[in-house]
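Asker: predicted coordinates and the sequence they were generated for:
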Amino acid sequence: MTDQPTGVQKLNIIKAINAGLRRSMENDAKVLVMGEDVGKLGGVFRVTDGLQKDFGEDRVIDTPLAESGIIGTAVGLALRGYRPVCEIQFDGFVFPGYDQIVSQVAKMHFRSGGRLRLPIVIRIPYGGSIGAVEHHSESPEATFAHIPGLKVVTCSNPLDAYWMIQQAIRLDDPVVFFEPKRRYYEKAEVDLDGEPDLPLESARVALPGTDATVAAYGPMVKTCLDAAAAAADDGRSLEVIDLRSLSPLDLRAVYDSVRRTGRLVMVHEAHRTLGVGAEVAARVTEQCFYSLEAPVQRVTGYDTPYPPARVEEEYLPDLDRVLDAVDRTFAY
């Protein structure tokens with residue numbers, strides 16, 4: 001049917017997700033891909049490029065421009081035994097389908113007393129720094145992480161992208177899969193024949209360190225790694241943790257790190273109030289109060305609608321803002 005690449009390949013996140021989708025579709029004929037322009041065009045970011053040609057129009061389905069219809073159709077397919085993977089073309093386009101996600105996808109298993117499962121993956125490219133127009137650069141992840149019944153995950157690199165999409169598809173629970181579009185073209189080596197080194201819901205220590213802990217996810221992980229490299233030039237060792245899963249939150253690595261460093265900086269693109277960083281700060285304060293040498297610092301977007309592209313770099317957290325927060329933790 002298709003020639004799946006094998007061995008170690010240097011891939012960007014787009015190609016890694018594509019390879020993960022291919023592997024999932026080859027392994028399970030019930031896996032379907034559906035969304036706006038995912039078939040003939042291969043998606044606006046070409047994440048699904050070539051899948052319709054290789055698997056046919058019955059399994060890679062071009063849908064109308066109707067997010068509510070996409071999610072509603074996926075609910076029916078999942079109830080009939082399929083595993084639909086829905087692409088929402090851009091982050092800001094998900095809200096017409098929000099009612100279906102919250103009222104049906106998240107609740108069906110509970111409403112049926114555990115008798116029904118909805119193994120649906122909802123893929124959403126998210127975040128900024130691509131110079132896009134309104135509704136094309138948003139960070140709504142906390143909105144979905146707040147909804148019981150949904151798993152919410154995000155990758156930050158090609159290796160995780162390849163394995164996490166496959167793990168999400170295999171789950172019997174609905175998963176909202178956020179993809180950092182500003183990192184889509186960054187490359188790394190991926191062993192296509194290996195095994196995932198972590199469960200889907202586990203955090204990862206992206207860089208060991210001793211002086212302060214910096215936690216992030218998705219597009220901000222690389223920013224924090226760059227900040228750690230800059231801090232090392234000043235003699236400070238930052239431990240960077242990639243959360244990967246936002247619901248459920250796996251904070252064991254964060255707790256262990258904070259108990260050693262005594263300091264935490266939490267970084268995300270989304271706006272500050274009631275964001276993921278607030279939840280992380282609350283839990284770390286509950287669990288590590290006597291280890292903290294300073295209050296938890298948050299580096300985030302601002303509490304405004306996402307700005308026009310010409311000023312988005314003033315809105316997004318950058319290396320300097322992360323390092324400034326690190327400096328503040330050492331000022332106490």
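Answerer: Perfect, I can see it now.
Asker: surely Phe144 and Ser247 touch.
Answerer: Yes. When contacts are counted by CB atoms under 8 Å, Phe144 is listed as touching Ser247 (7.4 Å). In short, each C-beta sits where N, CA and C put it, glycine included.
Asker: quickly list what's touching both of these two.
Answerer: Residues touching both Phe144 and Ser247 by CB atoms under 8 Å, 6 or more residues apart in numbering: Leu150, Val152.
Asker: any idea how far Gly92 is from Asp250?
Answerer: Gly92 sits 28 Å away from Asp250, taking CB to CB, to the nearest Å as the criterion.
Asker: so which strand or helix has Ile17?
Answerer: Assessed by DSSP states H and E, Ile17 sits inside helix 13-27.
Asker: tell me what the next helix or strand after that helix is packed against?
Answerer: Following helix 13-27 in sequence order, the next helix or strand is strand 31-35 (DSSP H and E). Packed against strand 31-35 by the contact rule (3 or more CB pairs under 8 Å, 6 or more residues apart in numbering; DSSP states H and E) you find helix 13-27, strand 60-62, helix 67-79, strand 83-87.
Asker: show me what counts as buried in the third one.
Answerer: To tie it back to what came earlier, the one meant is helix 67-79. For helix 67-79, a neighbour-count test (16 or more other CB atoms under 10 Å) marks Glu67, Ile70, Ile71, Gly72, Thr73, Ala74, Val75, Leu77, Ala78 as buried.
Asker: wait, which of those is closest to Gly35?
Answerer: Nearest to Gly35 among the buried residues of helix 67-79, counting by CB to CB, is Ile70 at 6.1 Å.
Asker: quick one: residues contacting the closest one.
Answerer: By CB under 8 Å, 6+ apart, Ile70 lies in contact with Met34, Gly35, Glu36, Thr63, Cys86, Ile88, Gly97.
Asker: so can I have TSV of these showing distance to Ala227, pLDDT and neighbour count?
Answerer: Formatted as TSV, the contacts of Ile70 follow (distance: CB to CB, whole Å; pLDDT from 0 to 100; neighbours: other CB atoms under 10 Å):
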residue	distance to Ala227	pLDDT	neighbour count
Met34	39	98	22
Gly35	35	98	25
Glu36	36	97	21
Thr63	40	97	18
Cys86	34	98	29
Ile88	30	98	24
Gly97	35	97	21
